[in-house]
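Asker: Next input, structure requested:
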Amino acid sequence: MLGRRNPQRSLFEADVWPHRVAPDSLYGRMGAVRGVLFKDDDLAEMYCPDNGRRSLPPSLLCGVLLLQFHDGVGDEEAIERMRYDLRWKVALGLPLDDAGFDPTSLVVFRKRLLKHGKERYAFERFLQVAREAGFLPEKIRQLLDSTPMKGAGAVQDTYTLLRKGIRRLLKGMGFAVPEKRRGLQIDLRRYVESDEKAEIDWSDAAARQKELARLVRDADAALELALGQPDNDEVRLTGWLLTKILGDDVVQGEDGQAKLGEGVARDRMISWTDPEMRHGRKSASSRWNGDKVHVAEEPETELITEIDVTDAHAPDGAHLLPILESVEEHLAVEVSAATGDKAYGTVENRVACAQRGVDLRSPVATPVDPAVDKAAFQLDEEAGTLTCPGGQTVADVREVKDGDGRLVRQFTFAREVCAACPLFGRCVRSKTRGRTVTLNYHEDVQRAARERQATEEFRGMYRERAKVERKIAELMEHGLRQARYIGRKKKRLQALWTAAAVNLKRLFKLAKGDSMRIGQALTQVSAR
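Answerer: You can find the predicted model right below:
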């Protein structure tokens with residue numbers, strides 16, 4: 001059953017006695033509005049209405065969770081601070097002799113939030129407060145950026161992934177039971193009897209090759225065995241992941257033997273501990289293992305309006321529209337402009353934003369050699385010609401299909417004309433033809449973006465993006481760089497509650513320390 005906080009104040013409450021907790025700190029300001037910061041009834045649907053023991057008050061648990069992510073501490077340390085840290089007692093309105101509760105209660109509470117889809121509760125509540133207090137208007141701009149989140153799972157090599165995948169698949173089919181295990185062929189039986197790494201000389205390439213061949217053979221046998229098993233979601237998922245590992249990491253050599261493939265598949269699985277973890281890259285020399293956090297910020301108030309955790313390998317541009325749509329849906333506002341780096345400025349995003357009435361302020365990717373880049377060629381739409389940087393004009397155009405099957409124009413320069421040009425070595429890559437230039441399906445949009453980014457007005461607007469970079473740095477200070485949990489749903493909860501803590505700090509600053517104003521807005525939001 002739902003437990004509620006007792007409105008009756010105690011003589012032993014921390015703020016009844018003289019204390020040194022600064023009233024303008026987050027702890028002091030939380031204490032000033034603790035009665036309305038969170039409401040027990042907001043989360044009543046998470047509890048049985050008429051049966052069972054009364055729960056810990058969800059408003060108290062929300063406060064603990066918020067401080068936990070603000071201070072970047074684990075569950076046990078959070079309870080220790082509840083018991084002994086005067087700042088936490090003031091913020092939560094606890095008596096000096098309060099003994100706290102068991103740390104597992106926080107685990108259970110987070111599970112309840114996820115089960116009932118309430119992981120956004122604090123984040124959305126504070127944004128509604130910002131709207132109620134008049135900080136966020138109905139029409140807003142957005143600044144966007146992403147940052148790595150390091151995973152909490154163990155990163156495993158191909159040999160370990162195959163071994164653990166076979167073991168997991170066999171156990172999922174029930175072969176961990178001794179009676180059923182006896183029906184397994186002896187090569188597979190060892191995987192459910194032990195999870196030990198093979199005792200070979202791992203510095204010997206031939207020994208590694210032999211071990212890989214054995215693992216691939218056993219993986220194929222386990223997958224073949226799974227085909228004859230009753231339909232089971234867990235077995236089906238494990239079999240799919242094991243097949244993916246074989247497809248991403250292993251190739252067949254010229255001698256017919258299995259060997260490790262060269263390079264890394266973009267969506268390569270790297271951990272059975274957390275199968276959603278991936279390799280991510282900010283550049284060729286900067287790689288991390290885990291996920292990616294996307295942040296959207298409103299520049300006037302510097303409030304975080306959306307935060308999400310996505311695949312580490314996924315391009316940033318793919319998440320632009322979902323983020324903008326989420327902001328408009330949850331805040332009931334209209335996004336008029338969005339500013340992000342060149343990863344968000346794909347031509348498809350520019351077209352989609354224009355259709356939505358959103359001014360996308362994102363630069364075009366910088367060419368490797370601007371002198372011979374496609375942007376240096378002059379297109380004459382009326383004459384239907386293209387002029388190269390060397391001054392040669394061509395009307396040789398034909399229609400071809402782009403990657404999406406759309407018809408686009410392709411211009412081709414004669415080989416003999418290109419060969420006489422001083423830019424030939426930099427411009428032409430073909431061994432037999434002259435330079436070929438294929439126009440984008442939205443070539444006019446792309447060229448307009450290039451022209452715009454050369455203006456001082458664009459540079460001034462784009463400089464504003466530094467605000468979201470500072471906001472991301474603040475989130476990292478509160479521990480968001482490292483994932484605390486396994487699984488993307490739990491990581492989203494971590495990101496949302498960390499952002500909620502950062503937003504609450506910002507709300508108090510926007511109110512210029514007037515806790516009463518925030519308290520009134522909280523009361524109005526609760527009354528809806």
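
Asker: Over to stretch 115-135 now: how far is its first residue from its last?
Answerer: Criterion C-alpha to C-alpha, to the nearest Å; first-to-last residue distance in stretch 115-135 is 32 Å.

Asker: So what touches it?
Answerer: When contacts are defined by C-beta atoms under 8 Å, 6 or more residues apart in numbering, stretch 115-135 is touched by residues 38, 42-43, 45-46, 62, 65-66, 112-113, 136, 301, 303, 305, 307, 330-333, 489, 492-493, 496-497, 499-500, 503-504, 507, 510-511, 517-518, 520-522, 524-525. C-betas here are computed from N, CA, C, even on glycine.

Asker: Please repeat the previous calculation with a cut-off of 6 Å.
Answerer: Residues from elsewhere that reach stretch 115-135 (C-beta atoms under 6 Å, 6 or more residues apart in numbering): 46, 113, 136, 301, 303, 330-331, 493, 496-497, 499-500, 503-504, 510, 521-522, 524-525.

Asker: buried sites along that stretch?
Answerer: 118-133, 135 (16 or more other C-beta atoms under 10 Å).

Asker: Tell me, how many residues neighbour residue 425?
Answerer: Neighbour count for residue 425, taken as other C-beta atoms under 10 Å: 9.

Asker: Put the alpha carbons of whichever strand or helix holds it into PDB.
Answerer: Assigned by DSSP states H and E, residue 425 belongs to helix 424-427. Extracted C-alpha coordinates of helix 424-427, given in PDB (Å, rounded to 0.1, in the frame of the first residue of the first chain):
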ATOM      1  CA  PHE A 424      44.100  16.700 -62.000                       C
ATOM      2  CA  GLY A 425      46.000  14.700 -59.300                       C
ATOM      3  CA  ARG A 426      43.900  16.100 -56.500                       C
ATOM      4  CA  CYS A 427      40.600  16.100 -58.300                       C
END
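
Asker: I'd like the next helix or strand past it.
Answerer: For helix 424-427, the succeeding helix or strand toward the C-terminus, using DSSP H and E, is strand 436-438.

Asker: same for that following strand, what does it pack against?
Answerer: Packing partners of strand 436-438 (3 or more C-beta pairs under 6 Å, 6 or more residues apart in numbering; DSSP states H and E): strand 407-412.

Asker: for stretch 465-476, which positions count as buried?
Answerer: Buried residues in stretch 465-476, counting neighbours by 16+ other C-beta under 10 Å, are found at 465, 467-468, 471-472, 474-476.

Asker: now do stretch 189-207
Answerer: The neighbour-count criterion (16+ other C-beta under 10 Å) identifies 190-192 as the buried residues of stretch 189-207.

Asker: Equivalent analysis for stretch 95-115, please.
Answerer: 98, 100, 105-106, 109-110, 112-113.

Asker: Which pair in the residues you listed has the greatest spatial separation?
Answerer: 98 and 113 (23.0 Å; C-beta to C-beta).

Asker: got a list of what residue 413 touches?
Answerer: 394, 434-435.

Asker: Turn those into JSON lines, including neighbour count and pLDDT.
Answerer: Listed next are these as JSON lines, based on neighbours: other C-beta atoms under 10 Å; pLDDT from 0 to 100:
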{"residue": "394", "neighbour count": "18", "pLDDT": "91"}
{"residue": "434", "neighbour count": "21", "pLDDT": "92"}
{"residue": "435", "neighbour count": "27", "pLDDT": "94"}
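
Asker: Give me the distance between the lowest-mean-pLDDT helix or strand in the chain and the centre of its chain.
Answerer: Using mean pLDDT, DSSP states H and E, helix 178-181 stands out as the lowest-scoring helix or strand of the chain, at a mean of 79. On the basis of C-alpha atoms, centre = their mean, to the nearest Å, helix 178-181 sits 42 Å off its chain's mean C-alpha point.

Asker: Provide the secondary structure category for the residue most central in space within the chain.
Answerer: Centroid-nearest residue in the chain, with C-alpha atoms, centre = their mean: residue 309, separated by 2.2 Å. The assignment at residue 309 comes out as strand when based on DSSP: H, G, I helix; E, B strand; the rest coil.

Asker: hey, what's it bridged with?
Answerer: residue 293 (DSSP bridges).

Asker: Check the gap between residue 426 and residue 370 for me.
Answerer: Separation of residue 426 from residue 370 (C-beta to C-beta, to the nearest Å) stands at 11 Å.

Asker: Of those two, which one has the most company?
Answerer: residue 426 (13 against 10).

Asker: Show the contacting residues for the nearest residue to that one once chain neighbours are set aside.
Answerer: By the measure of C-beta to C-beta, 6 or more residues apart in numbering, the closest residue to residue 426 outside its immediate chain neighbours is residue 372, 5.1 Å from it. Contacts were defined as C-beta under 6 Å, 6+ apart; by that measure residue 372 touches 423, 426-427.

Asker: re the thing from before, got the contact list for the least confident helix or strand of the chain?
Answerer: 174-175, 192.
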